[in-house]
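Asker: Structure, please.
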Amino acid sequence: MKRLVINEPGLFVGAKRGMITIQRKGEKVLEISPSNISQVAILTRGATISSALIRLLARHKVDLIVYSGLGYPVAKLSSPRTSGSIRLRKEQYKAQDSPLGAYLAKRFAWSKVVNQKSLLREAGRNRSNIDLSGRLLEMSRSISNIATVMSNIEGDNAGSVRSEVMRLEAEAAEIYWQGFRLLLPEDLDFPGRRKRFESPEDPVNIMLNFCYGLLASEVWLAVEASGLDPFAGFLHTDSPRRPALVMDILEEFRQPVVDRVVLRLISSIKDPKSIIEGRRLKREFRFQVVKALSERLSETLTFHGRSLPLSSHIFLQPKRVADFILGRESGYVPFTLR
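Answerer: Below you'll find the predicted structure:
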């Protein structure tokens, strides 16, 4: 996905003669065709947009996403010209209360656990320190065992398996984040995984939460394009405040996309504390994070017999969920790197 990122206060983003224009203090600094991008991401509070820009973006079906300072999408503008998907959504709601729902809940969580295992196993194989390598490989085997147990849970609907699946997911996560800590620079403060609502103050968790927010918006757009209801999930319970299905599919991509980007970035920074102010990333570093994440999404990986950019795999996964729910496919293959 080609994304236009607005990260500087004071910029004016408008439209002129079919082109997106960006001005700073009245001077044009950039002009770009809407056909060359698929999303405009607003990462700053101080930017201004025009109604002409909104019309132009809608005409070209380019989404505009406004993010909070913590990286979570807080607003989205998109074209109302979307196709109806009444039958698919009816089948999606029915699936929640059938064995299909139990199956999907397990598959989403299983993929996350398998990707955790794969990241630690890959790191263990590439470490020259024998003790560290052994510890990482042992952790990956423990997580692999949990994945096997998880796939054998039985239930008649999503609700009947959810608590046990999440208990095992938490068990795997505890091991995974201990291993993740071993991959960070030794002198870096990492108190363990802290989610956004826990208001972490360390650079690793702040960066992780920021990137998970960006990734969530990517998945959200893909879910909407598929016709599925973003708020009707299988692993995560329905909530009017949280797009449960987006959170479900997001689980498949946390390690392959975000965790790997954060590990790369944090290892390249001399003073990680210099990238944050309070509980947020500094504005200048947010741009670097978005750039690194976009580059990762552009990398080509083979999955499901197709070599495609990661962003394309994200786009296709909700469609594969829809095909399974509608009975066009006999199973659902979640995204894993094994």
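Asker: ok, now which ones touch residue 230?
Answerer: Residues near residue 230 by Cβ atoms under 8 Å, 6 or more residues apart in numbering: 220, 223, 224, 243, 244, 245, 246. For every residue, glycine as well, the C-beta is placed using N, CA and C.
Asker: before we move on, which element is residue 185 in?
Answerer: Counting by DSSP states H and E, no helix or strand carries residue 185.
Asker: Can you read off the pLDDT for it?
Answerer: Note on residue 185: pLDDT of 91.
Asker: pretty sure residue 4 is touching residue 19, no?
Answerer: No. In terms of Cβ atoms under 8 Å, residue 4 does not count as a neighbour of residue 19; the distance is 11.9 Å.
Asker: those strands in the stretch 1-150 of the chain, which residues are they?
Answerer: Secondary structure of the stretch 1-150 of the chain (DSSP state E, counting those that start in this stretch): strands located at 3-6, 11-16, 19-24, 27-32, 39-42, 48-49, 63-67, 73-77.
Asker: related to what we said a few turns ago, quick one, which of residue 4 and residue 19 is more surrounded?
Answerer: Set side by side, residue 4 and residue 19 show more neighbours around residue 4, with 20 against 15, by other Cβ atoms under 10 Å.
Asker: before we move on, the earlier item: which neighbours do residue 4 and residue 19 have in common?
Answerer: By the contact definition Cβ under 8 Å, 6+ apart, residue 4 and residue 19 are jointly contacted by residue 32.
Asker: Return the subset of the contacts of residue 230 lying in helices.
Answerer: The subset of the contacts of residue 230 located in helices under the criterion DSSP state H comprises 220, 223, 224, 244, 245, 246.
Asker: For the last one, give its distance to residue 77.
Answerer: Relative to residue 77, residue 246 is positioned 18 Å away (Cβ to Cβ, to the nearest Å).
Asker: any idea which helix or strand carries the spatially most central residue of the chain?
Answerer: To find the centre residue of the chain, average its C-alpha atoms and take the closest one (Cα atoms, centre = their mean): that gives residue 215, at 2.7 Å. Taking DSSP H and E as the definition, one finds residue 215 inside helix 203-226.
Asker: go on, residue 324?
Answerer: Secondary structure assigned from DSSP H and E places residue 324 in helix 310-325.
Asker: who does that helix touch, helix- and strand-wise?
Answerer: When contacts are defined as 3 or more Cβ pairs under 8 Å, 6 or more residues apart in numbering; DSSP states H and E, helix 310-325 packs onto helix 86-96, helix 99-126, helix 203-226, helix 244-250, helix 283-298, strand 300-303.
Asker: if we go to 7 Å?
Answerer: helix 86-96, helix 203-226, helix 283-298, strand 300-303 (3 or more Cβ pairs under 7 Å, 6 or more residues apart in numbering; DSSP states H and E).
Asker: Out of the ones in helices among the contacts of residue 230, give me the two with the largest separation.
Answerer: Using Cβ to Cβ, these reach their maximum pairwise distance at 224 and 244, which is 13.9 Å.
Asker: For stretch 32-51, measure first residue to last.
Answerer: Between the start and the finish of stretch 32-51 there is a gap of 17 Å, counting by Cα to Cα, to the nearest Å.
Asker: Let me see the contact set for residue 236.
Answerer: With Cβ atoms under 7 Å, 6 or more residues apart in numbering as the criterion, the residues that contact residue 236 are 244, 247, 248.
Asker: any chance of the residues you listed in JSON lines, plus pLDDT?
Answerer: Converted to JSON lines, the contacts of residue 236 look like this (pLDDT from 0 to 100):
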{"residue": "244", "pLDDT": "97"}
{"residue": "247", "pLDDT": "97"}
{"residue": "248", "pLDDT": "98"}
